[in-house]
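Participant: Curious how this folds, go ahead:
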Amino acid sequence: MDHKNPWSSDEWVNKGAQLLDKQPALAQKIISKGIQLDPQEAISWFNLGIGLHQQGKINAAIRAYKQCLALPHNEQTKLAATNNLAQDLLLNGNEKEGWKLYAARFKRKPGNYNLFTEAFGQPLKGELKINQKIILMSEQGLGDTIQFARYAMLLQTKGYEVALLSQPALVNLLNKYGALENVVDKVISKEHNSRNMCWLPLMDIGQKLPTLNETPPYASGYLNCKQADVKNWKKILQRDPNKRLIALHWQGNPNHEGSLYSRGRSMHFNDWLALREIKDLEFVSIQKGAGSEQLKLDRGLNFVKGQAEVSATMEFCDTAAILKNCDLLISADSGVVHLAGALGVPAWVALRWIPEWRWGLEGCTTPWYNSLRLFRQNQDGDWQGVVEAMKERLRS
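Facilitator: Got it, this is the predicted structure:
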């Protein structure tokens, strides 16, 4: 036994892996010790990639994941490393390589992918032809569907017959306020199949069809509220005309926050209490479901008179009309951010230290939505710094 290195490579790596969530820098050092002893173990490089990602060392994480995939590995390690590599490439701005690898996501979590394959065969390969009907399968979260529904709308304007399979919660919103003619919430039956029909996962459409531009379309907005709905909610809200009305949101869907790339994106209602120092503001909470129990109306933030009615509705069309009555949305990274952007409503997004791939690593704007402004943590967990930056801008 080497007395300078009493642990084996596996012991070093396993010990480091236990520290990845809370102490990534230390985890990196410990895992690196194991790699020095045995650089041919794929899982060691995979864990190293996680540690590097957690520290914001994305280029180094990409190299670690690629080294993992270059070594002998089992299927589980391959899928996990490919998924992490794809998202870090997208986060780093390498869209061509990132989207190509991201296509493997359905091998990990098939969702409706297998149902569509059984009914219609393999998804579209190559360019879509003008006489083809296309079914777009939504996937992942509600925000993803809102974000990528713009491509379905663009195809429709170009003369394609498009059907979008959406989560039930969004069907009414997209049918009523969007330009799409066919939004459904169930897998379309086999009887719709024909020689000129094809299908594609919704999040693949922007990069798989060469007829589309690389720049996201409709960045200024693509959902339009009915004015009657906006006026109805104006009456319900009873906002103070002498104050700016700010919509608040802090918690995303907890079911989508278990992964390396989504954990830590949500805040707590109490994080917003520092905004009570600014006296010319009025607030409306649009938090629904998980996290709504945190709302307290007696903590110094002035809420609109119609808050009870707002809290009672779970309809996205109502939330959209409420947002159109607001001067600004302030929110953690969640589906309502995409809703605001699609409506063209100004929104400030509080982003965790290492955000999801769609927001990139730097900058305060995004090509996805012109009305969004990004506020980034300077270090992991620093929501106080984000809120302070927002306070300063509200005062200016």
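
Participant: The closest residue to residue 92 other than its chain neighbours and residue 90: what is the separation?
Facilitator: Take residue 92 and drop its neighbours on the chain: the residue closest to it by CB to CB, 6 or more residues apart in numbering is residue 58, 5.0 Å away. Backbone N, C-alpha and C define where each C-beta goes, glycine included. Per CB to CB, to the nearest Å, residue 58 is found 10 Å from residue 90.

Participant: now do residue 126
Facilitator: For residue 126 relative to residue 90 (CB to CB), the value is 22 Å.

Participant: Likewise for residue 156?
Facilitator: 26 Å.

Participant: Repeat that for residue 217.
Facilitator: In this view, residue 217 and residue 90 are 18 Å apart by CB to CB.

Participant: Name the residue in those two with the higher neighbour count.
Facilitator: Neighbours per residue (other CB atoms under 10 Å) separate residue 217 from residue 90, with residue 90 holding more: 20 against 14.

Participant: Please list all residues in contact with that one.
Facilitator: Neighbouring residues of residue 90 by CB atoms under 8 Å, 6 or more residues apart in numbering: 98-99, 102, 357-358.

Participant: which ones among the residues you listed are found in strands?
Facilitator: Using DSSP state E to define strands, no part of those is located there.

Participant: Counting neighbours, which of the residues you listed comes out on top?
Facilitator: The most crowded member of the contacts of residue 90, judged by other CB under 10 Å, is residue 102 (22 neighbours).

Participant: residues touching it, list them.
Facilitator: By CB under 8 Å, 6+ apart, the contact list for residue 102 reads 83, 86-87, 90, 203.

Participant: Let me have those residues in a markdown table, extended by distance to residue 64.
Facilitator: Below are the contacts of residue 102 laid out as a markdown table (distance: CB to CB, whole Å):
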| residue | distance to residue 64 |
| --- | --- |
| 83 | 14 |
| 86 | 14 |
| 87 | 14 |
| 90 | 17 |
| 203 | 25 |
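
Participant: Please dump those residues into a markdown table; it should also carry pLDDT for every row.
Facilitator: Conversion of the contacts of residue 102 to a markdown table gives the following (pLDDT from 0 to 100):
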| residue | pLDDT |
| --- | --- |
| 83 | 95 |
| 86 | 96 |
| 87 | 96 |
| 90 | 95 |
| 203 | 92 |
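
Participant: out of those, which are inside helices?
Facilitator: 83, 86-87, 90 (DSSP state H).

Participant: looking at it, residue 318 is touching residue 233, isn't it?
Facilitator: Yes. With contact defined as CB atoms under 8 Å, residue 318 reaches residue 233; the gap is 7.0 Å.

Participant: looking at it, residue 288 is touching residue 314, isn't it?
Facilitator: Yes. Residue 288 lies in contact with residue 314 (CB under 8 Å); the separation is 5.8 Å.

Participant: Settle it for me: which of these two has more neighbours?
Facilitator: For residue 288 versus residue 314, neighbours defined as other CB under 10 Å are more numerous around residue 288 (20 against 10).

Participant: What ranges in the stretch 101-250 of the chain fall below the confidence cut-off?
Facilitator: Along the stretch 101-250 of the chain, the model assigns pLDDT under 70 to residues 187-195, 209-213.

Participant: mind listing the strands for it?
Facilitator: 133-137, 161-165, 183-184, 197-201, 244-249 (DSSP state E, counting those that start in this stretch).

Participant: Given the fourth one, what are its sheet partners and their directions?
Facilitator: Okay, so that is strand 197-201. If you go by DSSP bridges, strand 197-201 pairs up with strand 133-137 (parallel).

Participant: what's the spacing between the strand it pairs with and its chain's center?
Facilitator: 22 Å (CA atoms, centre = their mean, to the nearest Å).

Participant: Pick the one among the contacts of residue 90 closest to residue 183.
Facilitator: For the contacts of residue 90, the minimum distance to residue 183 (CB to CB) is 22.1 Å, reached by residue 358.

Participant: thinking the closest one is in contact with residue 146, fair?
Facilitator: No. Residue 358 lies out of contact with residue 146 (CB under 8 Å); the separation is 11.8 Å.

Participant: Not counting stretch 289-308 itself, show me its contacts.
Facilitator: Here stretch 289-308 makes contact (CB under 8 Å, 6+ apart) with 233, 236-240, 243, 245, 248, 250-251, 253-254, 266, 268-270, 272-273, 275-276, 281-285, 287, 310-311, 314.

Participant: Okay, and the nearest residue to residue 60 once chain neighbours are set aside sits in which element?
Facilitator: Nearest residue to residue 60, sequence neighbours excluded (CB to CB, 6+ apart): residue 52, at 4.5 Å. Assigned by DSSP states H and E, residue 52 belongs to helix 42-54.

Participant: buried set for the helix or strand following that helix?
Facilitator: Once helix 42-54 ends, the next helix or strand along the chain (criterion: DSSP H and E) is helix 58-70. By 16 or more other CB atoms under 10 Å, the buried positions in helix 58-70 come out as 58, 60-65, 67-69.

Participant: So which of the contacts of stretch 289-308 belong to helices?
Facilitator: 233, 236-237, 310-311.

Participant: returning to that earlier point: any idea which of the contacts of residue 102 is the one closest to residue 116?
Facilitator: Among the contacts of residue 102, and counting by CB to CB, the member closest to residue 116 is residue 203, at 13.8 Å.
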